[in-house]
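A.B. asks: I need the structure of the sequence given here:
(2 chains)
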2 protein chains.
Amino acid sequence: MAIKIAVPKEEAPGERRVALVPEVAGKLVRQGHAVAVESGAGVGAHYLDDAYEKAGAQLVEKRTELLGGAQIVLKVQPPTEDEIDALPEGAVLIGFMYPHRYPERVAKMRDKKLTVFAMELVPRITRAQAMDALSSQATVAGYKAALIAADTIDRFLPMLTTAAGTIRPAQVLVLGAGVAGLQAIATAKRLGAVVSAYDVRRAAGEQVRSLGAKFLELEIDAEAEGGYARELTEEEKAKERAMVEEAIVAADIVITTANIPGRRAPILVTKEMVERMKPGSVIVDLAAESGGNCEVTKPGETVQVGDVRVVGPLNLPSALAVHASEMYAKNLHNFLELILTEEGGLELDWDDEILAGSVLVHDGEIKHAPTRELVEGGAA
Amino acid sequence: MAIKIAVPKEEAPGERRVALVPEVAGKLVRQGHAVAVESGAGVGAHYLDDAYEKAGAQLVEKRTELLGGAQIVLKVQPPTEDEIDALPEGAVLIGFMYPHRYPERVAKMRDKKLTVFAMELVPRITRAQAMDALSSQATVAGYKAALIAADTIDRFLPMLTTAAGTIRPAQVLVLGAGVAGLQAIATAKRLGAVVSAYDVRRAAGEQVRSLGAKFLELEIDAEAEGGYARELTEEEKAKERAMVEEAIVAADIVITTANIPGRRAPILVTKEMVERMKPGSVIVDLAAESGGNCEVTKPGETVQVGDVRVVGPLNLPSALAVHASEMYAKNLHNFLELILTEEGGLELDWDDEILAGSVLVHDGEIKHAPTRELVEGGAA
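C.D. replies: Residues are numbered from 1 along each chain as shown, chains lettered A, B, ... in the order given. Take a look at the predicted model:
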């Protein structure tokens, strides 16, 4: 029997991605599933309705009708209260959930007895790489951050040898060498800049150097579980500030990418440091959404301090909606392989560490301990 | 005796360049000249007043005072009527002049008995390459056009191999392979796109291919004097349209750069072609200022036709004001070498073909024949 998979149009402001692209919809249809897509769901990402129809998906005008008949719902952003209301009890919902931002929605999903998988909770293990939506979307964000920096600054990035003299290449500093940072490094290198990077995780040095960038070394090591950087001690922070500050003052462009999941981003660039930067320099703060790595960052705005501009972009993956959606849809498809059986059924194997790790809500219970504590209080 | 060289702040809307950067000001000072710069002249290009002071230039608050005492005035944009009024009779004025746009200013400069050199009239000969401001500024425009295209489109330019599948590289088509077109090609290649280009001048093919791009060949040849493309015949235009149309429809990004000096830009991309393009495609029209190579282009705006965006940027060199100013100032410095003697004097050698070719107005006469015809009428 065909499983009914539904894809609503994303409603969050500025969100242009769609959870399923026609190519992946076609794969699910060929696997025997019934895919229904809200009319216009892919328009923001340039996937038009006829492309979904060609792929064998059904177009549905009314969202409540679409969701009411669904067994699995695929989303990018967390569901709205209306969406939760429209879902049948027991439906499976997959997408980014940001439970610390929307505890009341988590409670609602619990009460509705939905099975909810949060893509940001997929364990960062080798077997789950193809489902790692945080990584795929960070790849997009890192690329876009470098482009924004290049388009904002009033100088060339590459060295140029012209009849009117030689232009020196721009100095780009990337703070944080996770997936986004590495992609920012790679893109700035492509554009011909001289790139250096810093990360509290020393292991990142090898990856940074393999991209042709210089790795700034500090005598500490701070890798925590899950591949994320842990927060630094006060002493380490002071040491870091001194080294980072020197590099910032020498840079034309600084791209910051330090995020701690579910927490305010650490401040790496103080207002004082910004004031010491060269006239015309540009900071792109990829952590703007979680408070910013730069003290003066304003989410969604460009702030001018003296002659330095600090850009705080929001939802960068949405800016590259075509490919961000494509990669995300492939992440979802790989995830769906875990719960869709070859016979066309739906089966939740809780012994699978990926399912067990990413489940947020199931059968009337909040399964993710920190979220349970947040929503229901008491010990986890 | 020191020659008095003055640099006013540019007043044209959106103009952030400055005709002299501190580095070149310093060179002129070391050569024994007196350089005066209007206070704040370089701010838009991040060259602050103290940098000029350090270079030995004098800062002047009042523009009329600055201009009133000048023997040579360096400009980016044509002088305003007020600037002409403030100049002493017989002063030498050097900058872009666009005489076809400002015939009344040319008349005023003639009546004031100024000696005016138009940088866009510098002959495109080997000896004048280092003074070729059209080329230096076109280099900037081509780079910026590719960046704008990359920042506008909702997809990656490079090929990416990720855990979430392989991203195909973007297809970029550049129409017109002059200086701007070649720089756009080089920049799109840097960013990892698959690039093809077209130019009516077959000779451009070798340069295009040397940048790793594909050259689209058509069976005509149309190079005119001065390295510019001549206008095509109707038959050639039809042939071109068919070939270009096919390439446009296959492209994710089209960058058009076809300009004919002093004339409306030729239409290379019709509205009908835009309508046939793929959803999400982007056109950047570098000829927007002179009417556009695309039928739907609006100067200074982004036009949406179906799901295709057509960007019509104005004054792109100003967007990279740091380096555009640096290159332009070096062009001017090389030009000044022709008229400044080693003894610190000013000498106009009309046997020099660069001076003879670029002089617009001298000693009460309009020397440039097409402009004389435009301003004074009658045969040239």
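
A.B. asks: Strands of the stretch 201-350 of chain A, residue ranges please.
C.D. replies: A:214-216, A:253-256, A:282-285, A:302-305, A:308-311 (DSSP state E, counting those that start in this stretch).

A.B. asks: Repeat that for the stretch 1-150 of chain A.
C.D. replies: Under the criterion DSSP E, counting those that start in this stretch, the stretch 1-150 of chain A contains strands at A:4-7, A:34-38, A:58-60, A:72-74, A:92-95, A:115-118.

A.B. asks: The longest one pairs with which strands, and in what direction?
C.D. replies: Sheet pairing of strand A:34-38 (DSSP bridges) gives strand A:4-7 (parallel), strand A:58-60 (parallel).

A.B. asks: Could you dump these into TSV and include mean pLDDT?
C.D. replies: Shown next, in TSV, are the strands paired with strand A:34-38 (pLDDT from 0 to 100):
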stretch	mean pLDDT
strand A:4-7	98
strand A:58-60	98
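
A.B. asks: tell me the most buried of these?
C.D. replies: strand A:4-7 (a mean of 26; mean count of other C-beta atoms under 10 Å in any protein chain shown). Every residue, glycine included, has its C-beta placed from N, CA and C.

A.B. asks: between the strands paired with strand A:34-38, which one is nearest to A:Ala34?
C.D. replies: Counting by C-beta to C-beta, A:Ala34 lies closest to strand A:4-7 out of the strands paired with strand A:34-38; the figure is 4.9 Å.

A.B. asks: got a markdown table for the strands paired with strand A:34-38, with distance to A:Pro123 too?
C.D. replies: Putting these into a markdown table (distance: least, C-beta to C-beta, whole Å) gives the following:
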| stretch | distance to A:Pro123 |
| --- | --- |
| strand A:4-7 | 24 |
| strand A:58-60 | 33 |
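
A.B. asks: Minimum distance to A:Gly14: which of the ones you listed has it?
C.D. replies: Comparing these by C-beta to C-beta, strand A:4-7 comes nearest, at 19.0 Å.

A.B. asks: mind checking how far that closest one is from the chain centre?
C.D. replies: 23 Å (C-alpha atoms, centre = their mean, to the nearest Å).

A.B. asks: Same check on stretch A:117-124?
C.D. replies: 12 Å.

A.B. asks: what's near enough to touch the closest residue to A:Lys144 other than its chain neighbours?
C.D. replies: Setting aside the residues directly before and after it, A:Lys144 is nearest to A:Leu316 in space (C-beta to C-beta, 6 or more residues apart in numbering or on different chains), at 4.4 Å. A:Leu316 is in contact with A:Val140, A:Ala141, A:Lys144, A:Ala145, A:Leu286, counting by C-beta atoms under 8 Å, 6 or more residues apart in numbering or on different chains.

A.B. asks: between those, which has the most around it?
C.D. replies: A:Leu286 (32 neighbours; other C-beta atoms under 10 Å in any protein chain shown).

A.B. asks: quick one: that residue from chain B, how far?
C.D. replies: Separation of A:Leu286 from chain B (C-beta to the nearest C-beta, to the nearest Å) stands at 16 Å.

A.B. asks: Equivalent analysis for A:Glu65, please.
C.D. replies: 26 Å.

A.B. asks: which residues touch that residue?
C.D. replies: Neighbours of A:Glu65 in contact, by C-beta under 8 Å, 6+ apart: none.

A.B. asks: circling back to that earlier point, quick one: which of the contacts of A:Leu316 is nearest to A:Ala251?
C.D. replies: Taking the contacts of A:Leu316 together and measuring to A:Ala251 by C-beta to C-beta, the closest member is A:Ala145, at 14.2 Å.

A.B. asks: how about the closest one, what does it touch?
C.D. replies: A:Ala180, A:Ala184, A:Ile255, A:Thr257, A:Val284, A:Leu286, A:Pro313, A:Leu316.

A.B. asks: about what we covered before: and of the strands paired with strand A:34-38, who's closest to B:Ala128?
C.D. replies: Among the strands paired with strand A:34-38, strand A:4-7 sits nearest to B:Ala128 (C-beta to C-beta), with 61.0 Å.

A.B. asks: ok, residues contacting the closest one?
C.D. replies: With C-beta under 8 Å, 6+ apart, strand A:4-7 has contacts from A:18-20, A:25, A:28, A:33-38, A:41, A:60, A:66-67, A:69-74, A:336.

A.B. asks: try 7 Å
C.D. replies: A:18-20, A:28, A:33-38, A:41, A:66-67, A:69-74 (C-beta atoms under 7 Å, 6 or more residues apart in numbering or on different chains).

A.B. asks: Same list, the contacts of A:Leu316, but as a markdown table with distance to B:Ala203 please.
C.D. replies: Putting those into a markdown table (distance: C-beta to C-beta, whole Å) gives the following:
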| residue | distance to B:Ala203 |
| --- | --- |
| A:Val140 | 40 |
| A:Ala141 | 43 |
| A:Lys144 | 38 |
| A:Ala145 | 40 |
| A:Leu286 | 45 |
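
A.B. asks: Determine which two of those residues are furthest apart.
C.D. replies: The widest separation within those (C-beta to C-beta) is 11.1 Å, between A:Val140 and A:Leu286.

A.B. asks: Find residues that contact each of those two.
C.D. replies: Between them, A:Val140 and A:Leu286 share no contacting residue, judged by C-beta under 7 Å, 6+ apart.

A.B. asks: Dump the C-alpha coordinates for whichever helix or strand A:Ala197 is part of into PDB.
C.D. replies: Assigned by DSSP states H and E, A:Ala197 belongs to strand A:194-198. Provided in PDB are the C-alpha atoms of strand A:194-198 (Å, rounded to 0.1, in the frame of the first residue of the first chain):
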ATOM      1  CA  VAL A 194      44.600  35.200   0.700                       C
ATOM      2  CA  VAL A 195      42.700  33.300   3.400                       C
ATOM      3  CA  SER A 196      43.500  32.400   6.900                       C
ATOM      4  CA  ALA A 197      41.200  30.700   9.400                       C
ATOM      5  CA  TYR A 198      40.900  30.000  13.100                       C
END
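
A.B. asks: just the helices in chain A please.
C.D. replies: A:22-30, A:49-54, A:63-68, A:81-86, A:103-111, A:133-152, A:179-190, A:204-210, A:234-250, A:271-276, A:316-319, A:321-336, A:353-358, A:369-376 (DSSP state H).

A.B. asks: Pretty sure A:Arg264 sits against A:Gly291.
C.D. replies: Yes. If you go by C-beta atoms under 7 Å, A:Arg264 and A:Gly291 touch, sitting 4.3 Å apart.

A.B. asks: still on that earlier bit, any chance of JSON lines for the contacts of A:Leu316, columns pLDDT?
C.D. replies: Formatted as JSON lines, those follow (pLDDT from 0 to 100):
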{"residue": "A:Val140", "pLDDT": "98"}
{"residue": "A:Ala141", "pLDDT": "98"}
{"residue": "A:Lys144", "pLDDT": "98"}
{"residue": "A:Ala145", "pLDDT": "98"}
{"residue": "A:Leu286", "pLDDT": "97"}
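
A.B. asks: tell me the pLDDT at the closest residue to A:Gly205 other than its chain neighbours?
C.D. replies: Nearest non-adjacent residue to A:Gly205, counting by C-beta to C-beta, 6+ apart: A:Phe215, 4.0 Å away. The model reports A:Phe215 with a pLDDT of 94.

A.B. asks: who's more crowded, A:Arg264 and A:Gly291?
C.D. replies: More crowded of A:Arg264 and A:Gly291, by other C-beta under 10 Å: A:Gly291, with 17 against 11.

A.B. asks: Contacts only, for the more buried one.
C.D. replies: Per C-beta under 7 Å, 6+ apart, neighbours of A:Gly291: A:Arg264, A:Ala265.

A.B. asks: what's the spacing between it and A:Thr256?
C.D. replies: Separation of A:Gly291 from A:Thr256 (C-beta to C-beta, to the nearest Å): 12 Å.

A.B. asks: same check, this time on A:Glu15
C.D. replies: A:Glu15 is 23 Å from A:Thr256, by C-beta to C-beta.

A.B. asks: Look at these two and report which has more neighbours.
C.D. replies: A:Thr256 (32 against 17).

A.B. asks: Could you report the pLDDT at the residue lying farthest from the centre of chain A?
C.D. replies: Computed with C-alpha atoms, centre = their mean, the residue of chain A farthest from its C-alpha average is A:Ala163, at 43.5 Å. We have a pLDDT of 89 for A:Ala163.
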